[in-house]
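1. Using only what follows, build the 3D model:
(one chain, ligands or ions: 1)
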Amino acid sequence: MSSGLWRNANLATLAGGPGADLGVIEGGALAVSEGRIAWAGPEAELPAGFNLLPATDCRGGWILPAFVDCHTHLVFAGDRAREFEMRLAGAGYEEIARAGGGILSSVAAVRAASEDELVAASLPRLDALLAGGVGTVEIKSGYGLTIEAELKMLRAARRLGALRPARVVTTWLAAHATPPEYRGRNAAYIGEVAIPGLEAAHREGLVDAVDGFCETIAFSPNELAPLFARARALGLPVKLHAEQLSNSGGAAFAAGFGALSCDHLEHLDAAGIAAMRGAGATAVLLPGAYYTLRETQAPPAAALRAAGVPIAVATDLNPGTSPLASLLLAMNLAATLFRLTVPECLAGVTREAARALGLSADTGTIEAGKSADFTVWQISSPAELVYWIGLVPAHTRIFRGTPAC
Ligand SMILES: [Zn+2]
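-> Residues are numbered from 1 along each chain as shown. Below is the predicted model of the structure:
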């Protein structure tokens, strides 16, 4: 475990609650002891002793918490570029499905891939996220849709976390779609695959949370209820893809199970907001999918803000609806398309994203006691991280106190 002092920096600690500012400390320093933040504050007030640590001169750069991508599907095989091309050439949903496209093409590719092949295919996507200042990534299953293929996805996700200086947390999303062999039999699929698979994954230590896709084209709250009840009985938190394409009452349903987060939320209504607020659930906004699908109804950011619901931003990195491997670009999209402010975007990929994963005690802000996961950016102000489209400012990423790139 590493120790050191990062000095001659400006800090944006992001410490505080929803609606807080960036927590700026100009002329700051940050001391790390054995991989954890020991002290952060104005360099002029550095406590005696820390000045003896090996020091790094940040040359006036900005230190922010490492980013947390709290919603990804980055383990998959193949891609859907051909489908994208067909859609641009005028093909409709039916024609794409007949040509073997759609989510079931990802299911077929994942089922056919070995665990090693999944790791090899997914590693460049993880690397792309890390190169944009990310330190923690959530990865979901959901393209296997058999017990064994779902377990294979989560084993691959866990291996990715061991291959790189990053924290990977995993989510059981067997309730992502109904596989062809269960078409029209959602309840049977939940009872025969999603629940026993969850139990097996939990026994193997592969699951940190349980998710579902609540939508008319996927699963209803009634169908998901036995799965969520089993998750809670196993002591696992739940989260939900809710109100993306229509309002199914998913957010209120998930809030009833104490959900960590409800994600997408384009069609969230006032009752859903009130339920989320009551449950302390975080709203995870996913502008990459909104952009790719050319949606026109934005999630109710102003109402979420007014209600004091924490707002996170994530990539939703997936082959079909959000081939987005940059949390920097996700912030720009959230600002431009959803009108989030700069502090909201930056809190959304740090403090609030950590909250959405139940990791607030460990990462997401620059505060003494937390893991020393941070990035030193050579920028003139934190707004640059939201402003650029496709430019990654020069930076050094630190994970658990050790320079990682
Ligand atoms: Zn998703």
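2. Tell me which residues of the helix or strand harbouring Tyr291 come out buried.
-> For Tyr291, the element it lies in under DSSP states H and E is helix 287-292. For helix 287-292, the neighbour count (16 or more other C-beta atoms under 10 Å) marks 287-292 as buried. Any C-beta I mention is one placed from the backbone N, CA and C, and that applies to glycine too.
3. same question, stretch 18-31
-> 18, 22-23, 25, 28-31.
4. Please flag which of those residues sit within helices.
-> When DSSP state H is applied, the buried residues of stretch 18-31 are split such that none fall in helices.
5. what residues are up against Leu346?
-> For Leu346, the contacting residues are 12, 14, 22, 64, 331, 382, 385-386, by C-beta atoms under 8 Å, 6 or more residues apart in numbering.
6. how about 6 Å then?
-> Pro382 (C-beta atoms under 6 Å, 6 or more residues apart in numbering).
7. Okay, it and Leu327: tell me how far apart.
-> 10 Å (C-beta to C-beta, to the nearest Å).
8. May I have the residues that are in contact with the spatially closest residue to Arg155 that is not a sequence neighbour?
-> Sequence neighbours aside, Glu115 is the residue nearest to Arg155 in space, at 5.6 Å (criterion: C-beta to C-beta, 6 or more residues apart in numbering). Counting by C-beta under 6 Å, 6+ apart, Glu115 makes contact with 152, 155-156.
9. now do Gly133
-> 67, 375.
10. 10 Å - rerun?
-> 64-67, 326-328, 349-350, 374-377, 385, 392-393, 395-397, 405 (C-beta atoms under 10 Å, 6 or more residues apart in numbering).
11. Relative to its centre, which residue of this protein is most distant?
-> Ranked by distance from the centre of the chain (C-alpha atoms, centre = their mean), the top residue is Ala48, with 38.4 Å.
12. re earlier: tell me which of the buried residues of stretch 18-31 fall in strands.
-> Among these, DSSP state E puts 25, 28-31 in strands.
13. Can you classify Pro165 as helix, strand or coil?
-> coil (DSSP: H, G, I helix; E, B strand; the rest coil).
14. Got the phi and psi for it?
-> phi -70, psi 80 (degrees, to the nearest 10).
15. can you pull out the strands in the stretch 101-250 of the chain?
-> Remark: strands assigned in the stretch 101-250 of the chain by DSSP state E, counting those that start in this stretch are 134-140, 167-175, 209-212, 239-242.
16. Would you reformat the ones you listed as a markdown table and include distance to Ala298?
-> A markdown table is the format used below for the strands of the stretch 101-250 of the chain (distance: least, C-beta to C-beta, whole Å):
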| stretch | distance to Ala298 |
| --- | --- |
| strand 134-140 | 23 |
| strand 167-175 | 24 |
| strand 209-212 | 22 |
| strand 239-242 | 15 |
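17. Mean neighbour count, the ones you listed: which tops it?
-> strand 239-242 (a mean of 31; mean count of other C-beta atoms under 10 Å).
18. Quick check: which helices or strands does that one pack against?
-> strand 134-140, strand 167-175, strand 209-212, helix 221-233, helix 250-255, strand 261-264, strand 282-285 (3 or more C-beta pairs under 10 Å, 6 or more residues apart in numbering; DSSP states H and E).
19. and with 6 Å instead?
-> Counting contacts by 3 or more C-beta pairs under 6 Å, 6 or more residues apart in numbering; DSSP states H and E, strand 239-242 packs against strand 209-212, helix 250-255, strand 261-264.
20. Now do the longest one, average pLDDT.
-> Along helix 250-255, the predicted confidence averages to a pLDDT of 98.
21. Quick one: residues contacting the nearest residue to Leu22 once chain neighbours are set aside.
-> Among residues not flanking Leu22 along the chain, Ala12 sits closest, at 4.2 Å (C-beta to C-beta, 6+ apart). Counting by C-beta under 6 Å, 6+ apart, Ala12 makes contact with 22, 24, 64, 382.
22. Show the backbone phi and psi for Ala12.
-> Main-chain dihedrals, Ala12, degrees, to the nearest 10: phi -120, psi 100.
23. returning to that earlier point: so of the helices and strands packed on strand 239-242, which one's packed in deepest?
-> For the helices and strands packed on strand 239-242, the highest mean count by mean count of other C-beta under 10 Å goes to strand 261-264, at a mean of 30.
24. C-terminal to that strand, which secondary structure element comes first?
-> helix 270-279.
25. how far out from the middle of the chain is that following helix?
-> Here helix 270-279 shows a centroid-to-chain-centroid distance of 21 Å under the convention C-alpha atoms, centre = their mean, to the nearest Å.
26. Please apply the same query to stretch 256-265.
-> Per C-alpha atoms, centre = their mean, the centroid offset for stretch 256-265 relative to its chain is 13 Å.
27. what's the answer for stretch 235-249, then?
-> On C-alpha atoms, centre = their mean, the centre of stretch 235-249 falls 15 Å from that of its chain.
28. do the same with stretch 334-352
-> So, by C-alpha atoms, centre = their mean, the centroid of stretch 334-352 is 14 Å from its chain's centroid.
29. Fine by me, thanks again.
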